[in-house]
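J.: attaching a predicted model along with its sequence, questions to come.
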Amino acid sequence: MTSVSRRDFLIAAGAASLFCGHPPAVIGVEDKSGLKTPTVGDGEFVFECEHDWGEVPNHITWRNTHGVALDRSGFVYIVHQGDAKRPCDTVVVFDSEGRYVRSFGQEFAGGGHGISIREEGGEEFLYLCDILHRQVVKCDLFGEWIWKKRYPRESNLYQSLDSFCPTNVAFGTDEQWYLGDGYGSDYVHRFDAQGQWMSAVGGHGSQPGQFQIPHGLVFVPNRGEDGQLIVADRGNARLQYFSPDGTLVKTLQGDSNQLAQSEDSQERTSSERELEDRSDGSIVTLCPGLSSPSNMNVWEDLMVVADLHCRLIVLDSMDQVVAQLGGEPEWTQLVLGQQGIRESRDSWEPGKFVHPHDVAFDVDGNCYVVEWVEPGRVSKLVWA
């Protein structure tokens with residue numbers, strides 16, 4: 001299947017034809033060893049799902065795989081939380097076949113969280129969010145530090161470091177970048193190319209433009225006139241869309257109280273979703289299946305949302321849900337009702353997600369998913 005055929009399909013078909021009132025399918029295909037490889041998705045959005053992807057070396061013990069990013073060479077960078085009492089490297093690099101390349105970042109043990117990569121002046125750099133030490137670190141692709149930043153004193157929004165705990169970074173235009181204080185004071189900060197603080201949006205709350213855990217964020221340059229910053233407002237079960245300067249444009253609203261989405265909500269097409277124009281000019285759109293968004297990634301005209309409630313949600317350029325991967329109602333209820341499943345590999349089922357925390361596309365549209373589970377798990381989704 002080529003990317004052109006997928007794009008043509010999106011134009012020709014809507015979300016209703018993909019859901020058809022049924023939960024997402026999980027089927028299997030034969031791999032070369034004769035074993036069943038689980039698949040997730042439906043219609044044109046079916047992926048072979050390889051769990052526990054990547055040859056993790058013996059000197060590294062996964063703990064809560066939190067972030068994933070790819071460089072221009074196709075190397076896959078996984079950051080896991082690690083254990084501060086028994087430190088090991090928290091950034092592990094694999095090639096596209098899952099072979100171990102290198103690792104570093106023992107100094108982030110206990111705090112490894114968000115990871116993003118940006119090219120600057122022909123060289124690529126990592127931006128790493130460390131929730132234990134309450135800092136964001138810029139380093140090269142081998143872990144050599146360039147600088148570290150803590151809370152922006154010049155913003156006058158903080159009294160001390162204790163109220164600052166950054167979770168993820170996104171890159172805007174003109175080398176600006178954005179930082180989500182997801183586990184701190186619920187602001188999203190904007191910095192210039194030199195790392196100087198420019199402005200902030202948010203603060204704790206549920207009103208338009210406020211956040212309860214602005215956990216993940218992505219900047220999409222081809223949205224709006226100058227691009228849009230999309231923030232996963234996890235605690236409010238919504239995505240909020242902003243112009244580059246922080247003006248709220250749109251909200252994609254889910255339902256945090258739904259352990260599993262009903263068939264009725266899955267059957268809603270884009271024309272049936274409720275729309276509301278706010279007095280500030282922004283729009284609210286309902287999004288079936290969205291309940292605990294953690295992070296997002298974009299490939300061509302698709303955006304995939306990692307939702308902690310056992311699912312990935314695929315949206316087109318008009319923010320219509322075109323696929324839901326995982327999120328089977330009975331499985332979601334089981335996972336959310338039994339906390340111990342996060343720690344117990346024996347409880348996990350092939351082709352089902354537990355707590356997707358971050359996601360990244362490669363150039364071919366294949367997908368890497370990392371999950372917030374105690375022993376860690378990386379899955380690679382390949383178009384079937």
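T.: Structure received. Note that the structure is a prediction, hence the values are computed from the model and not measured.

J.: A strand includes residue 215, no?
T.: Yes: inclusion of residue 215 in a strand is indicated when DSSP: H, G, I helix; E, B strand; the rest coil is applied.

J.: quick one: low-confidence residue ranges for the stretch 101-250 of the chain.
T.: Nowhere does the stretch 101-250 of the chain drop to pLDDT under 70.

J.: what ranges do the strands span in it?
T.: Defined through DSSP state E, counting those that start in this stretch, the strands belonging to the stretch 101-250 of the chain, from first to last, are 112-120, 123-130, 135-140, 145-149, 168-171, 177-180, 187-191, 197-202, 214-220, 228-233, 238-242, 248-253.

J.: these into a markdown table, with extra columns for distance to residue 327 and mean neighbour count?
T.: Where C-beta positions appear, they are placed from N, C-alpha and C, glycine not excepted. As requested, the strands of the stretch 101-250 of the chain are arranged in a markdown table below (distance: least, Cβ to Cβ, whole Å; neighbours: other Cβ atoms under 10 Å):
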| stretch | distance to residue 327 | mean neighbour count |
| --- | --- | --- |
| strand 112-120 | 23 | 21 |
| strand 123-130 | 26 | 21 |
| strand 135-140 | 31 | 19 |
| strand 145-149 | 36 | 13 |
| strand 168-171 | 22 | 24 |
| strand 177-180 | 24 | 26 |
| strand 187-191 | 27 | 23 |
| strand 197-202 | 27 | 18 |
| strand 214-220 | 18 | 24 |
| strand 228-233 | 16 | 27 |
| strand 238-242 | 16 | 25 |
| strand 248-253 | 16 | 20 |
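
J.: CSV please, covering the ones you listed and showing distance to residue 297.
T.: Output for these, formatted as CSV (distance: least, Cβ to Cβ, whole Å):
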stretch, distance to residue 297
strand 112-120, 10
strand 123-130, 15
strand 135-140, 19
strand 145-149, 24
strand 168-171, 11
strand 177-180, 15
strand 187-191, 18
strand 197-202, 21
strand 214-220, 7
strand 228-233, 11
strand 238-242, 13
strand 248-253, 16
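
J.: out of those, nearest to residue 73?
T.: Smallest distance to residue 73 across those (Cβ to Cβ): 8.8 Å, for strand 123-130.

J.: helices or strands next to the closest one in the packing?
T.: For strand 123-130, the elements it packs on are strand 112-120, strand 135-140, strand 168-171, judged by 3 or more Cβ pairs under 8 Å, 6 or more residues apart in numbering; DSSP states H and E.

J.: could you dump the last one to PDB, C-alpha only?
T.: Once non-C-alpha atoms are left out, strand 168-171 reads as follows in PDB (Å, rounded to 0.1, in the frame of the first residue of the first chain):
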ATOM      1  CA  ASN A 168       7.600  17.600  26.400                       C
ATOM      2  CA  VAL A 169       8.900  20.000  23.800                       C
ATOM      3  CA  ALA A 170       7.700  21.000  20.300                       C
ATOM      4  CA  PHE A 171       9.400  23.100  17.600                       C
END
